[in-house]
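Chemist: got a predicted model here, sequence first, then my questions.
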Amino acid sequence: NIKSKGEIKMKKFIYFLLAAIFATSMLFLGIGCKEEVAPSEEAVEEVEEVEEAAEEAVEEEAAPSEWGNIDWKQFAGTEISAIMLDMPISLVYKPYVAEFEELTGIKVNWEELNETDRKKKVLVDFASGTAEYDVVSIGIADREEFAVPGYIEPLEKFLNDPKLTDAEWFNIEDYLPDVLAGGYSKAGDLVFIPYTAEYYLVWYLKDVFDQLGLKAPKTWDEYEQTVKALDDARQAGEITAYAHFDRTMPGPGEAGWSMFCSASRQGIDLVDFENKISNINTTKGIGFMDWYTSWALTYGPEGSLNWGWHDLAPAFMQGNIAMTIGGNASFLYIEDPAESKIAGHIGYTPPLLKDGGKDPLWEWGWGLNAASKNKEAAWLFVEWLTSPTLISTIAPQFGCPARLSSYSDPAYVEGMPSQEFIDAQTWMMENGIDPTPQITHPNYAEASDIISKEMSNVLAGIKSAEQACADADAALVDIGYTSASE
């Protein structure tokens with residue numbers, strides 16, 4: 001505790017001061033004498049020690065504690081409620097809540113629910129205005145749905161209040177611009193503080209790459225050349241792993257997600273949700289459909305034309321796929337030696353981008369219920385949950401913190417699979433993420449379901465890419481979209 005150290009320093013200073021007063025008074029007891037008595041060397045040294053002790057005490061008192069320089073006890077006795085997502089990336093918080101209660105004297109009622117139940121319960125609470133929950137976990141896809149009706153409180157006023165936030169310690173600049181942007185509503189208000197930053201990385205088998213003398217691709221052309229080299233090596237019997245694979249099972253949570261993310265990385269919006277325009281039957285849309293299905297048919301494993309995540313991940317972990325696209329948060333799973341034959345032998349690199357494309361950002365963060373009667377106390381909890389102190393503690397447990405400083409923290413570095421993994425993430429946060437992705441739009445699921453089902457028809461040989469795109473376009477027009485077809 002830094003504050004207690006300061007108190008010790010101040011006590012030392014007082015002791016030195018009293019000792020110096022006593023010593024110098026003994027020297028000058030003859031103050032009425034005509035002769036002036038010069039202070040001894042010992043007295044001078046005592047005074048110098050007093051000055052040094054005073055300076056140290058002041059410096060120690062001025063230094064921020066590990067929790068910043070605010071009065072954390074200012075709302076002691078208050079009771080707040082928080083709801084969070086029941087998933088590993090969020091549950092890392094649970095063991096530490098008691099420490100917040102001890103730090104602040106605030107009682108926290110903590111509830112965990114699955115995604116469907118969490119959202120339903122939060123929306124009911126918001127709409128009723130009862131404020132059962134003061135603090136809520138918010139996914140980036142929830143942001144506009146919660147913000148537009150005014151359900152969640154803008155946070156800038158709490159950040160800017162020195163009684164509530166030690167700005168230097170909290171250091172909002174620790175969030176890179178595109179990462180923090182995910183917490184801003186379209187109206188321009190900061191409505192949640194992120195604690196994760198999630199996006200895709202390229203995963204590859206390092207042993208296979210080393211065997212073939214390949215390096216992780218850095219450009220789109222290198223990406224295509226590397227996949228072709230891997231396939232050639234498999235065809236020649238040099239390796240058994242298939243070159244590349246991404247999801248093919250239709251649906252918004254499977255191939256629909258992969259298709260929209262892949263298109264975004266290539267600078268293509270398959271659908272313009274804001275203006276309700278279908279771009280799937282344009283030259284770019286058809287070209288993308290042809291590319292996605294051709295790679296699946298050419299480079300994927302046999303029998304993989306209806307694979308989802310729960311097929312792809314185990315195949316990669318068994319060493320059957322040389323390269324794929326996967327979320328950065330999944331490293332704990334694929335690097336688990338109890339589950340993965342390739343744990344410790346996985347390479348990571350940023351996904352390849354072209355034509356101004358970026359990878360869609362996904363985030364989880366913490367925000368305040370606008371109807372809360374204890375907003376300031378609740379803010380202290382949000383501040384604590386997203387603080388540099390706590391994030392540095394829990395980041396090694398989930399691997400994708402939103403704060404940049406975590407990525408150079410020694411405990412985090414030691415806990416990650418490789419420096420390559422860390423470097424790929426920091427590069428993405430600085431250069432490769434889109435904080436306003438299409439996949440967070442409320443109409444995404446319906447449109448991606450239509451498009452991914454037509455993709456499946458191409459894989460099955462039922463339709464050409466051109467016909468599939470035309471039919472997807474027509475289905476979107478039927479539900480209110482305008483076609484951008486040339």
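Modeler: Sure, I can see it.
Chemist: which non-adjacent residue is nearest Tyr175?
Modeler: In space, Tyr175 comes closest to Ala402 once its chain neighbours are excluded; the distance is 6.0 Å by C-beta to C-beta, 6 or more residues apart in numbering. Any C-beta I mention is one placed from the backbone N, CA and C, and that applies to glycine too.
Chemist: check contacts around the one you found.
Modeler: Tyr175, Val179, Leu180, Pro194, Tyr195, Thr196, Ala197, Glu363, Gly365, Thr386, Ile391 (C-beta atoms under 8 Å, 6 or more residues apart in numbering).
Chemist: Tyr96: which of those is nearest?
Modeler: Checking the contacts of Ala402 against Tyr96 by C-beta to C-beta gives Ile391 as the nearest, at 10.9 Å.
Chemist: what about the closest one, which helix or strand?
Modeler: For Ile391, the enclosing helix or strand under DSSP states H and E is helix 388-398.
Chemist: what is that helix packed up against?
Modeler: With contacts taken as 3 or more C-beta pairs under 8 Å, 6 or more residues apart in numbering; DSSP states H and E, helix 388-398 sits against helix 410-415.
Chemist: can you mark which positions in the helix it packs on are buried?
Modeler: Tyr412 (16 or more other C-beta atoms under 10 Å).
Chemist: and the helix or strand that it is followed by, average pLDDT?
Modeler: Where DSSP H and E defines the elements, the next helix or strand beyond helix 410-415 is helix 419-427. Per-residue pLDDT values across helix 419-427 average out to 98.
Chemist: can you point out the buried residues in helix 419-427?
Modeler: Buried residues in helix 419-427, counted by 16+ other C-beta under 10 Å: Glu420, Phe421, Ile422, Ala424, Gln425.
Chemist: do stretch 435-442 as well
Modeler: Across stretch 435-442, burial judged by 16+ other C-beta under 10 Å covers Pro435, Thr436, Pro437, Gln438, Ile439, Thr440, His441.
Chemist: secondary structure for the residues you listed - can I get that in TSV?
Modeler: Below are the buried residues of stretch 435-442 laid out as TSV (DSSP: H, G, I helix; E, B strand; the rest coil):
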residue	secondary structure
Pro435	coil
Thr436	coil
Pro437	coil
Gln438	helix
Ile439	helix
Thr440	helix
His441	coil
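Chemist: from the chain's centre, how far out does the helix holding Ile391 sit?
Modeler: 11 Å (C-alpha atoms, centre = their mean, to the nearest Å).
Chemist: same check on stretch 135-154?
Modeler: That offset, for stretch 135-154, works out to 17 Å (C-alpha atoms, centre = their mean).
Chemist: so where do the helices sit in the stretch 201-350 of the chain?
Modeler: Here the stretch 201-350 of the chain has its helices, by DSSP state H, counting those that start in this stretch, at 206-212, 220-235, 255-265, 283-299, 309-317, 331-334.
Chemist: the third one packs against which elements?
Modeler: This points to helix 255-265. Against helix 255-265 (3+ C-beta pairs under 8 Å, 6+ apart) you get helix 283-299, strand 323-327, strand 359-360, helix 444-459.
Chemist: re earlier: need the contacts of Ala402 in a markdown table with distance to Pro301, neighbour count and secondary structure, can you?
Modeler: Output for the contacts of Ala402, formatted as a markdown table (distance: C-beta to C-beta, whole Å; neighbours: other C-beta atoms under 10 Å; DSSP: H, G, I helix; E, B strand; the rest coil):
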| residue | distance to Pro301 | neighbour count | secondary structure |
| --- | --- | --- | --- |
| Tyr175 | 40 | 21 | coil |
| Val179 | 35 | 23 | helix |
| Leu180 | 40 | 20 | helix |
| Pro194 | 36 | 25 | strand |
| Tyr195 | 36 | 27 | coil |
| Thr196 | 31 | 24 | strand |
| Ala197 | 31 | 28 | coil |
| Glu363 | 32 | 27 | coil |
| Gly365 | 37 | 26 | strand |
| Thr386 | 41 | 23 | coil |
| Ile391 | 39 | 20 | helix |
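Chemist: Ala147: which of the buried residues of stretch 435-442 is nearest?
Modeler: Thr440 (12.2 Å).
Chemist: which of the helices of the stretch 201-350 of the chain is buried the deepest?
Modeler: Across the helices of the stretch 201-350 of the chain, averaging neighbours per residue (mean count of other C-beta atoms under 10 Å) puts helix 255-265 on top, at a mean of 24.
Chemist: in CSV, could you pull the C-alpha coordinates for that one?
Modeler: In CSV, the C-alpha atoms belonging to helix 255-265 read as follows (Å, rounded to 0.1, in the frame of the first residue of the first chain):
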residue,chain,number,x,y,z
ALA,A,255,-20.2,-19.2,-42.5
GLY,A,256,-22.3,-16.0,-42.6
TRP,A,257,-20.0,-14.6,-39.9
SER,A,258,-16.9,-15.8,-41.7
MET,A,259,-18.1,-14.5,-45.1
PHE,A,260,-18.9,-11.0,-43.8
CYS,A,261,-15.6,-10.8,-42.0
SER,A,262,-13.6,-12.0,-45.0
ALA,A,263,-15.4,-9.6,-47.2
SER,A,264,-14.7,-6.7,-44.8
ARG,A,265,-11.0,-7.6,-44.9
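Chemist: so who does Gly365 touch?
Modeler: Ser137, Ile138, Ile140, Gly182, Gly183, Phe192, Ile193, Pro194, Tyr195, Thr196, Thr386, Ala402.
Chemist: beta partners of it?
Modeler: Ile138, Pro194 (DSSP bridges).
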